[in-house]
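S.K.: requesting a structural model of the entry that follows:
(one chain, ligands or ions: 2)
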Amino acid sequence: MNKEALETIKQKAIQEHIPIIMDETLETIKKYMKDKKVNRILEIGTAVGYSGICFTELLTETGKIDTIERETERVLEAKQNIKKAEVEKMIDIYEGDAVEILPTLKDKYDVIFIDAAKGKYPFFLKEALRMLNKNGIIFADNILYKGYVMSDYNKHKQRTAVRNLREYIKKVTENPNLETEILEVGDGLAISRLK
Ligand code: SAH
Ligand code: MG
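M.R.: Ligands and ions are numbered 1, 2, ... in the order given. From the prediction side, this is the model:
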């Protein structure tokens, strides 16, 4: 991977207010994965490709990432960025709504990163569980949504998002097949391992 290109991609995304993964969230994921490399990663929410490019570090030599993004402009920029970072052989972008694309995917994955529409997290979880390998891990970003999820916050336009994020947390913590941690790093990160 071209680290210099990655830094430029990151700075541009920050300048343009694209909500890329926070440094401490990325570090937490890398630490959690330790030196264990995986073959297949699925990402829901590509944006301009920043996190996807970073995750190539977790891949084996033949490993691959599938990533889904619905905004055409972002898909185009992500494709350019992935090329600039010299990881185009390792990442496939699916353009479209993840709600429609996920049910068509047939592969199994070792790591699934959920980082898109918060109101859809319970649906993303259901699909992720269908495609997760044994010992596979689901990381869900923004799970505490600026603290709203753990407070009595129940107003405004974020209400549906908050309700669905709470439902996601309930589902992963109550599922006996999952081992889940909810961490306060960044905007909140849920880590669930399939036993
Ligand atoms: N993972 C990226 C940031 C993703 S931001 C990174 O850390 O670099 C979330 C992205 O998800 C946005 O670009 C948004 O357009 C996309 N998105 C939101 N809901 C979606 C959906 N239902 N299907 C596909 N993409 C979606
Ligand atoms: Mg995020």
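S.K.: dead centre of the protein: give me the residue that sits there.
M.R.: Phe113 (2.7 Å; CA atoms, centre = their mean).
S.K.: distance of whichever residue of the chain sits closest to ligand 2 from Gly45?
M.R.: As assessed by CB to the ion, ligand 2 sits closest to Asp141 within the chain, at 3.7 Å. (Glycine included, C-beta is placed from N, CA and C.) Distance of Asp141 to Gly45, given as CB to CB, to the nearest Å: 8 Å.
S.K.: got any residues that touch both of these two?
M.R.: Taking CB atoms under 8 Å, 6 or more residues apart in numbering as the contact rule, Asp141 and Gly45 both touch Phe113, Ile114, Asp115.
S.K.: any weak-confidence spans in this structure?
M.R.: 153-157 (pLDDT under 70).
S.K.: please enumerate the helices of it.
M.R.: With helices called from DSSP state H, the chain shows them at 3-15, 23-33, 50-55, 72-84, 98-101, 121-131, 159-174.
S.K.: hmm, stretch 188-195 touching ligand 1?
M.R.: No. Stretch 188-195 is not in contact with ligand 1 by CB under 6 Å from any ligand atom; minimum separation 11.9 Å.
S.K.: now that stretch: buried residues?
M.R.: Buried residues in stretch 188-195, counted by 16 or more other CB atoms under 10 Å: Gly188, Leu189, Ala190, Ile191, Ser192, Arg193, Leu194.
S.K.: among the residues you listed, which one lies nearest to ligand 1?
M.R.: Leu189 (11.9 Å; CB to the nearest ligand atom).
S.K.: picking up where we left off before, who has more neighbours, Asp141 and Gly45?
M.R.: Asp141 (25 against 22; other CB atoms under 10 Å).
S.K.: next one: that one relative to Gly186, how far apart?
M.R.: Distance from Asp141 to Gly186, by CB to CB: 7 Å.
S.K.: now for these two: what residues contact both?
M.R.: Contacts common to Asp141 and Gly186, judged by CB under 8 Å, 6+ apart, are Ile21, Thr25.
S.K.: any chance of the buried residues of stretch 188-195 in CSV with distance to Ile65 as columns?
M.R.: What follows is those, written out as CSV (distance: CB to CB, whole Å):
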residue, distance to Ile65
Gly188, 23
Leu189, 19
Ala190, 20
Ile191, 18
Ser192, 19
Arg193, 19
Leu194, 19
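S.K.: in CSV: the residues you listed, plus distance to ligand 2.
M.R.: Formatted as CSV, these follow (distance: CB to the ion, whole Å):
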residue, distance to ligand 2
Gly188, 10
Leu189, 9
Ala190, 12
Ile191, 14
Ser192, 16
Arg193, 20
Leu194, 22
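S.K.: contact residues of the chain facing ligand 2?
M.R.: Within reach of ligand 2 by CB under 5 Å from the ion, the chain has these residues: Asp115, Asp141, Asn142.
S.K.: how does it look with 8 Å?
M.R.: Pro19, Ile20, Ile21, Met22, Thr25, Gly45, Ser51, Asp115, Asp141, Asn142, Gly186, Asp187 (CB under 8 Å from the ion).
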